[in-house]
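Sequence and predicted structure are below.
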Amino acid sequence: MQRKTLLISPELCIGCRGCQTACKAWNRLPATKTANKGSFENPPDLTPYVYNKIRYVEAPSEANPVRWLFISQRCMHCEDAGCMKICPAPGALFRTKEGAVAFNKDKCIGCKLCIAGCPFNIPRYDEKDKISKCHLCPDRIAGGLEPACAKTCPTGAIAFGDRSAIIAGARNAGYRKLYGEADLGGLGVLYAFKESPEFYGMNEKPAIPESIVFWHNVLKPLALIGLGGAVAGSVLHYLAIGPKRDGEGGEK
Amino acid sequence: MTTMIKKTSAFERANHWIMAVSFLVLAVTGAGFLYRLEGLNSIFGSFQNMKTVHNYAGIVFSVSLVLSLFSYLGEALRFDADDFIWLLTLGGYLSKKAKLPPQGRLNAGQKSFYLFLIIAGTAISATGYIIWLVPTLREWILISHLTHNISFVLLLMAIPIHIYLGTLANPGTFRIMVYGTVPVEWARKKHAKWVRSMEAGQ
């Protein structure tokens, strides 16, 4: 199957937050009480029961004193996913046919290392200490439907489709480069930004922490080489030089 | 009958075996996480169980490490001129003709190994507790995860050599961890200074 992608266009978003509601409805996520913090943004952050949300930013300027930004936020479904790289439990995080990073709570061991591995601060843990995050509605996609958030979006701010078609469409619409096209091997959620990513509160160059890359690429093979070397060295020593028998190599 | 001399106390031997078994459990389960060895499910049932085993074996290992300080730390920190010559001679392991300076109850190699174990063992224990107990502190976890794994690589190299040196490489040594006693003449060849001090004390 072709890799699927969401395309987020903040300027098309009217902040209705239908995507948040549709996500909760489809994924059967309970409502949680939040407090009014004086901002349009609600709930204030992703939680185990909030897979996606609209981040709200006021960006007034001389030219446009009432500029509001609505940025849809969720798991980015990275091609090179830091969470999957560091996860010690096989099958807890897995790649779906359409290229999303989905999870299996039965396999999750609650170590929370994926939090450290994620460049976007996405994974949350429910009260049973199991991972919880957007999984790109694989059950809907399997049935030929769009993810709930994209389906419900009334303005096209969340578009869904084949990744290549989404990128080609954005090119035709005049976007030379989409956020996430090349980052981390290509994100599964692309953003059509009209300004720099920082303006929208996004990291210009998201990356998996270097220590995790080093651990994965160097330490993991090195542990095996080291163990093999120590055992091989001992065997070699035994055969080539031999043990200290009585009366050999004593002290003077 | 061969005259025997007691080299290790029952406490030292018991603690050594507690540490050895907990280390092996930790190494196997740790490798299971590192390489996602699903075959280990046939032993532990699930990775969730394996995590529980790993964490609690970690407590046993770290407590055992602390207890070992009372047995070896003071001695391991005292390096004398003979010890440095012993190290420069590589313990006589690479040449049958090498003559070694007389050693105390622990030879310079054992002292060095113990100091290494304290450093690597403390690092892997402390970072293990951090990963277990405060998993949401991202910066702490990144440093701890790296340190935990670097220590693992080092221990994975050092322990097989430690086992080899304590068994096959030095016939007669393994019984120290079983019975705690060795023949005096055997000890005189390998730990002359210690035997002299014991005889002087008698």
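Right, received. Where do you want to start?

so how many other residues sit close to residue A:131?
26 (other Cβ atoms under 10 Å in any protein chain shown). Every residue, glycine included, has its C-beta placed from N, CA and C.

Correction: the previous question concerned residue B:200.
Count around residue B:200 with other Cβ under 10 Å applied: 7.

Break down chain B into its helices, ranges please.
For chain B, the helices defined by DSSP state H occupy B:10-35, B:41-44, B:47-77, B:81-88, B:108-133, B:138-166, B:184-190, B:192-201.

closest one to residue A:29 among these?
Across those, residue A:29 has its closest neighbour in helix B:47-77 (23.3 Å, Cβ to Cβ).

average pLDDT for stretch A:77-89?
Regarding stretch A:77-89, the rounded mean pLDDT is 97.

is chain B contacted by that stretch?
Yes. Stretch A:77-89 is in contact with chain B by Cβ under 8 Å from any Cβ of the partner chain, via A:86, A:88-89.

So residue B:5 is in contact with residue B:187, correct?
Yes. With contact defined as Cβ atoms under 8 Å, residue B:5 and residue B:187 form a contacting pair (5.4 Å).

Using CSV, list the CA coordinates for the helix or strand harbouring residue A:166.
Element membership for residue A:166 (DSSP states H and E) is helix A:163-172. Only the C-alpha atoms of helix A:163-172 are listed here, as CSV (Å, rounded to 0.1, in the frame of the first residue of the first chain):
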residue,chain,number,x,y,z
ARG,A,163,1.8,10.8,0.3
SER,A,164,3.1,11.4,-3.2
ALA,A,165,-0.3,12.8,-4.3
ILE,A,166,-0.5,15.0,-1.3
ILE,A,167,3.0,16.4,-2.0
ALA,A,168,2.3,16.8,-5.7
GLY,A,169,-1.0,18.6,-4.9
ALA,A,170,0.8,21.0,-2.5
ARG,A,171,3.4,21.7,-5.2
ASN,A,172,0.7,22.7,-7.6
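
Strands of the stretch 51-200 of chain A, residue ranges please.
Here the stretch 51-200 of chain A has its strands, by DSSP state E, counting those that start in this stretch, at A:53-58, A:68-73, A:93-95, A:101-103, A:124-125, A:131-132, A:158-162, A:189-191.

Nearest to chain B, out of those strands?
strand A:124-125 (8.3 Å; Cβ to the nearest Cβ).

who are the neighbours of that closest one, in terms of helices and strands?
strand A:131-132 (3 or more Cβ pairs under 8 Å, 6 or more residues apart in numbering or on different chains; DSSP states H and E).

Go again with 10 Å.
Where contact means 3 or more Cβ pairs under 10 Å, 6 or more residues apart in numbering or on different chains; DSSP states H and E, strand A:124-125 is packed against helix A:113-117, strand A:131-132.

on that earlier part again, for residue B:5 and residue B:187, work out which one has more neighbours and name it.
Each of residue B:5 and residue B:187 has its neighbours counted (other Cβ under 10 Å); residue B:187 has more, 22 against 18.

thought the more buried one was touching residue B:197?
No. If you go by Cβ atoms under 10 Å, residue B:187 and residue B:197 don't touch, sitting 11.4 Å apart.

Please enumerate the shared neighbours of these two.
residue B:105 (Cβ atoms under 10 Å, 6 or more residues apart in numbering or on different chains).

picking that back up, now the strands of the stretch 51-200 of chain A in CSV, with mean pLDDT?
Below are these laid out as CSV (pLDDT from 0 to 100):
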stretch, mean pLDDT
strand A:53-58, 93
strand A:68-73, 95
strand A:93-95, 97
strand A:101-103, 98
strand A:124-125, 97
strand A:131-132, 98
strand A:158-162, 97
strand A:189-191, 97
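
Now render those as a markdown table, adding distance to residue B:51.
Output for these, formatted as a markdown table (distance: least, Cβ to Cβ, whole Å):
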| stretch | distance to residue B:51 |
| --- | --- |
| strand A:53-58 | 31 |
| strand A:68-73 | 30 |
| strand A:93-95 | 16 |
| strand A:101-103 | 17 |
| strand A:124-125 | 14 |
| strand A:131-132 | 14 |
| strand A:158-162 | 36 |
| strand A:189-191 | 31 |
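
Kindly report the residues of the stretch 51-200 of chain A close to chain B.
A:86-92, A:106-118, A:121, A:125, A:129-130 (Cβ under 10 Å from any Cβ of the partner chain).

In terms of pLDDT, where does residue A:39 sit?
85.
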